[in-house]
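K.L.:
curious how this folds, go ahead:
(one chain, ligands or ions: 1)
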Amino acid sequence: MLQAKSKEIEERDYKEKVIEGNEENPASAKTIVKLKGIRKQYNTGVLAIDHVSLDIQEGEFVSIVGPSGCGKSTLLRIIAGLGDYSAGSLEIASGDANGKGSKDSGLSYVFQDATLMPWRTVIDNVILPLALRKVPKAEREAAAMEKLKMVGLEKYADSYPRQLSGGMKMRVSIARALASGPKLLLMDEPFGALDEMTRFRLNSELLQIWQDTGITVVFVTHNVQEAVFLSTKVVAMRAHPGRIREIVPIEHAYPRGDEFRSSMAFTELSATISSLL
Ligand SMILES: Nc1ncnc2c1ncn2[C@@H]1O[C@H](COP(=O)(O)OP(=O)(O)OP(=O)(O)O)[C@@H](O)[C@H]1O
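P.N.:
Below you'll find the predicted structure:
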């Protein structure tokens, strides 16, 4: 009984955090996120970010890097509508083709922890956001299976999270985030807890998904090399209070592989961005 209640609460919290946190706030045609002069002061008095202005265009892969405490997560949560801000303005155009915000297909959020429900199978975890939105059963099962295929886990649909490695759990978390067909994918250090080999593999898989779906990604990481490898542009932040120090475009063509990681351009870009932090 107690367990049933905690499941209920956890699933309701998940719905509130990930699904209902979306804002309906149209922006101009190609700009999917527009932040202007955003300031966030917590109740404790901490000024987490100040004067943050940033435009993100549809289809971009934008990484946010910076020292611990510079406000990366605060910024991502504000974009997600999971946290309010003290000053400035935010516009999100994440819904339908007319730029109207939509609770059904706006944005999804991936946390560092895969946050899977241990009592649900892999496919039931991926289905969860669709079930909460009351998508018909056959439709949601097909959508979930398609996303599991996308992350290479269709054979594990009936497994439980405890039977999966850390990398596989994160793949399930990504499949769940993609299940509702969002236009905007917000990722907060999703690969921070993984070993380097797994991280490299997931970086490549994520880029493949990004290219196949045309989704816009905003990706928070501590890892400058990861940001350079993945992104169309890297937002370098500094702390106390968190501000954007510089936005560095990464112009290397996609698909990107090991040849980019071992190139002079990659080394130079990583050094330039590291020197900004
Ligand atoms: N809920 C909160 N209440 C009060 N202060 C907070 C809260 N969340 C974050 N902060 C403070 O705001 C600042 C920015 O925190 P935030 O977590 O956004 O930074 P971050 O760059 O994501 O850090 P990290 O890389 O360590 O995760 C820090 O000084 C942090 O202590």
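K.L.:
the helices in the stretch 51-200 of the chain, which residues?
P.N.:
Ranges of helices in the stretch 51-200 of the chain, per DSSP state H, counting those that start in this stretch, are 72-80, 122-132, 137-150, 166-178, 196-213.
K.L.:
tally of neighbours for T272?
P.N.:
Here the number of neighbours of T272 (other Cβ atoms under 10 Å) works out to 15. (Each C-beta comes from the backbone N, C-alpha and C, glycine too.)
K.L.:
I meant M197, not that one.
P.N.:
When neighbours are defined as other Cβ under 10 Å, M197 has 9 of them.
K.L.:
how about S86?
P.N.:
The burial count assigned to S86 is 13, neighbours taken as other Cβ under 10 Å.
K.L.:
if we can go back for a sec, looking at the helices of the stretch 51-200 of the chain, which is closest to D55?
P.N.:
helix 72-80 (12.1 Å; Cβ to Cβ).
K.L.:
tell me what the closest one is packed against?
P.N.:
Using 3 or more Cβ pairs under 8 Å, 6 or more residues apart in numbering; DSSP states H and E, the elements in contact with helix 72-80 are strand 31-41, strand 47-57, strand 61-65, strand 87-92, strand 107-110, strand 184-188, strand 216-220.
K.L.:
on that earlier part again, out of the helices of the stretch 51-200 of the chain, nearest to R39?
P.N.:
Short answer: helix 72-80, nearest of the helices of the stretch 51-200 of the chain by Cβ to Cβ, at 10.1 Å.
K.L.:
between that closest one and strand 87-92, how many degrees?
P.N.:
For helix 72-80 against strand 87-92, the angle by axes from the mean of the first three to the mean of the last three Cα atoms, to 10 degrees is 60 degrees.
K.L.:
touching the ligand at all, helix 72-80?
P.N.:
Yes: legend: contact between helix 72-80 and the ligand by Cβ under 6 Å from any ligand atom is shown at K72, S73, T74.
K.L.:
D50 contacts R39, correct?
P.N.:
Yes: counting by Cβ atoms under 8 Å, D50 sits close enough to R39 to count as a contact (4.7 Å).
K.L.:
circling back: the helices and strands packed on helix 72-80: which one's closest to V234?
P.N.:
Checking these against V234 by Cβ to Cβ gives strand 61-65 as the closest, at 5.0 Å.
K.L.:
gap between that closest one and the chain center?
P.N.:
10 Å (Cα atoms, centre = their mean, to the nearest Å).
K.L.:
then stretch 33-46?
P.N.:
19 Å.
K.L.:
residue numbers of the stretch 101-250 of the chain in contact with the ligand?
P.N.:
Among all residues of the stretch 101-250 of the chain, those adjacent to the ligand (criterion: Cβ under 6 Å from any ligand atom) are H222.
K.L.:
any stretches of the stretch 101-250 of the chain with poor pLDDT?
P.N.:
Along the stretch 101-250 of the chain, the model assigns pLDDT under 70 to residues 101-105.
K.L.:
TSV for the residues of helix 72-80 next to the ligand, including distance to D124, pLDDT and neighbour count?
P.N.:
Putting the residues of helix 72-80 next to the ligand into TSV (distance: Cβ to Cβ, whole Å; pLDDT from 0 to 100; neighbours: other Cβ atoms under 10 Å) gives the following:
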residue	distance to D124	pLDDT	neighbour count
K72	31	95	26
S73	28	94	18
T74	32	96	20
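K.L.:
appreciated, that's everything.
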